[in-house]
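> quick one: sequence and predicted model below, then my questions.
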Amino acid sequence: MSAIPDIAVSLTVNGERVSRRIEARRHLIDFLRLDLGLMGSHTGCEHGVCGACTVRVDGRIVRGCLVLAASLDGSQVETIEGVSDSGEIVDLQEAFIARNACQCGYCTSGMLMTAADLLKANPRPTREEIREHISGNYCRCTGYHAIVDAVETVAAKRNGRAGP
Amino acid sequence: MKAPPFAYVRAASLDEVFRLWGEAGPEARLLAGGQTLLASLAFRLSDPGILIDITRVADLAGISQVGNAIRVGALTTHADLGASDLLRRHVPLIAETVPLIAHPAIRNRGTIGGSLAFADPAAELPACCVALDATIMARSAAGERRIPAAQFFTGLYATALAQNELIAAIELPVARPSERSTILELARRSGDYAMAGVAAHAQLDNGALGELRLVFFGVGETPVLAKGAMAAIEGKPATPETIAVAQTALDADLDPPADLHGSAEMKRHLARVLLVRALRTIAGSEEAKAA
């Protein structure tokens, strides 16, 4: 079998241009973690079930394990590091800490990316809508109530009301 | 797990897709949203050697009205299906279906063409397309041909697509004012594949259901058109009596295999429950879905 050529890819990650040559089979999370050293997005199930690898591509949340980095030439990728540095989700992060919604922390970055996505599209979600939106993100500590509480608190504060 | 090594090429046009596909040989796979393909590669369930990325082929994108149909490009993501005003107005069953498909992050990548071509018997969109009497626009190097959705799903994960033929678009008929439709499913967790589901579609005329199509999913090797149950109600209102006759007829329409989600008898039971809810819903009883 002849050698399989690497793929050249240039994309923007958290506002910075990066260019690499990578194996075609490299998924976005391995690319972020192993090639770029961005360890905040987590590798979980690697087949699209757990949501620990949730990141943004061109403004939309995706499963990082179900996207090939090679296919993202020209794309804009945002990770938990990017939205932390920009301050975009500082209130969500504070609420996760205050509500003890992190626990072991493995699902947290994916949960935060998903919660931020929800609040952008729907600033006043019900608890049911919060649960529905995070339904693809597993917390194996099963701390879902605390996570829903934290998101609900942030939604209320952003709307100028006291949290629950 | 990690996917096996494979080569990757990106096509810019349909001509290029067919040229690359022809050169790559029969093991090559097309990459659209990748939400099933990349998971199955991670499990090493397939070893395609080469992926041909079709996501930037403009001819496979977009939603537009063509006569009495809405033409949906195969690359349209589930999220874009749900966000389309054209579909919301003219094919409301699609907007109702989108929230049932997987989870937001998957809906942002997964495509309607990919869902139909994969032909999972528990998936929602194949059943919807059969219920709506949609047409699959198949494209090969030789040109385009039209395949009625009811003839498209030929077996477990099997379709009427020929070698080196892809789905270019789906044509969904524009709803008439008398049209009623719904989709209902029972899943253990939100976003999971359904244990059983039904897509229902009819014309409502003075309380009577005409041109009724009931398509069950998750209960067979393909979406299942419940012809006996349909015939039992056709032209009649959904009353306790007609529904009971349809439920009896449904037993002969279905031969559900037991799977991870339950026994055959449990699936028959769920299908009977869904049949009642679907008929009451399209017949106009607002509270019926919750019943």
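Thanks, I have it. None of these values were measured; they are calculated from a predicted model.
> give me the neighbour count for residue 58.
Since no chain was named, I'll use chain A. Residues lying near A:D58 (other C-beta atoms under 10 Å in any protein chain shown) number 13. All C-beta atoms are positioned from the backbone trio N, CA, C, and that covers glycine.
> switch to chain B, please.
Neighbours around B:A58, by other C-beta under 10 Å: 11.
> can you count the residues close to the nearest residue to it once chain neighbours are set aside?
Spatially, and ignoring its direct neighbours in sequence, B:A58 is nearest to B:S13 (7.8 Å; C-beta to C-beta, 6 or more residues apart in numbering or on different chains). Neighbour count for B:S13, taken as other C-beta under 10 Å: 14.
> please name the residues that touch B:S13.
B:57-59 (C-beta atoms under 8 Å, 6 or more residues apart in numbering or on different chains).
> let me know the pLDDT of it.
At B:S13, the pLDDT value in this model is 98.
> tell me how far it lies from B:N108.
Distance, B:S13 to B:N108, using C-beta to C-beta, to the nearest Å: 25 Å.
> and stretch A:56-70, C-alpha only, in PDB?
Extracted C-alpha coordinates of stretch A:56-70, given in PDB (Å, rounded to 0.1, in the frame of the first residue of the first chain):
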ATOM      1  CA  ARG A  56     -17.900  25.800  17.600                       C
ATOM      2  CA  VAL A  57     -17.300  25.700  13.800                       C
ATOM      3  CA  ASP A  58     -18.400  28.800  11.900                       C
ATOM      4  CA  GLY A  59     -20.500  29.900  14.800                       C
ATOM      5  CA  ARG A  60     -22.400  26.600  15.300                       C
ATOM      6  CA  ILE A  61     -21.700  24.000  18.000                       C
ATOM      7  CA  VAL A  62     -20.600  20.600  16.600                       C
ATOM      8  CA  ARG A  63     -19.200  17.300  17.900                       C
ATOM      9  CA  GLY A  64     -15.500  17.800  17.500                       C
ATOM     10  CA  CYS A  65     -15.000  14.000  17.200                       C
ATOM     11  CA  LEU A  66     -17.400  13.800  14.200                       C
ATOM     12  CA  VAL A  67     -15.600  16.500  12.200                       C
ATOM     13  CA  LEU A  68     -12.400  15.900  10.200                       C
ATOM     14  CA  ALA A  69      -9.900  18.700  10.700                       C
ATOM     15  CA  ALA A  70      -8.900  18.200   7.000                       C
END
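> quick one: it near chain B?
Yes. Against chain B, stretch A:56-70 shows contacts by C-beta under 8 Å from any C-beta of the partner chain at A:60-63, A:65-68, A:70.
> residues of that stretch that come out buried?
Neighbour counts over stretch A:56-70 (16 or more other C-beta atoms under 10 Å in any protein chain shown) mark A:56-57, A:61-70 as buried.
> what does stretch B:179-189 give?
For stretch B:179-189, a neighbour-count test (16+ other C-beta under 10 Å) marks B:179-187 as buried.
> quick check: which element contains the residue of chain A found nearest chain B?
Residue nearest to chain B within chain A: A:G136 (2.5 Å; C-beta to the nearest C-beta). Here A:G136, judged by DSSP states H and E, is contained in no helix and no strand.
> what residues does it make contact with?
A:51, A:114, B:102-106, B:191.
> which residues of chain A fall in strands?
A:7-13, A:16-22, A:54-57, A:60-63, A:76-78 (DSSP state E).
> the last one near chain B at all?
No. Judged by C-beta under 8 Å from any C-beta, strand A:76-78 and chain B are separated, with a smallest distance of 13.3 Å.
> that older thread, what is the nearest of the contacts of A:G136 to B:Y8?
When the contacts of A:G136 are compared for distance to B:Y8 (C-beta to C-beta), B:I106 wins out at 21.3 Å.
> element containing the closest one, please.
For B:I106, the element it lies in under DSSP H and E is helix B:104-107.
> packing partners for that helix?
strand A:60-63, helix A:108-121, helix B:78-83 (3 or more C-beta pairs under 8 Å, 6 or more residues apart in numbering or on different chains; DSSP states H and E).
> run the chain-centre distance for the longest one.
Going by C-alpha atoms, centre = their mean, to the nearest Å, the spacing between the C-alpha centre of helix A:108-121 and its chain's C-alpha centre is 7 Å.
> elements contacting that helix?
strand A:54-57, strand A:60-63, helix A:80-85, helix A:90-98, helix A:127-133, helix A:144-158, helix B:104-107.
> adding distance to B:A74 and mean pLDDT, write those out as a markdown table.
Shown next, in a markdown table, are the helices and strands packed on helix A:108-121 (distance: least, C-beta to C-beta, whole Å; pLDDT from 0 to 100):
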| stretch | distance to B:A74 | mean pLDDT |
| --- | --- | --- |
| strand A:54-57 | 20 | 98 |
| strand A:60-63 | 19 | 98 |
| helix A:80-85 | 32 | 98 |
| helix A:90-98 | 36 | 98 |
| helix A:127-133 | 27 | 97 |
| helix A:144-158 | 35 | 97 |
| helix B:104-107 | 16 | 98 |
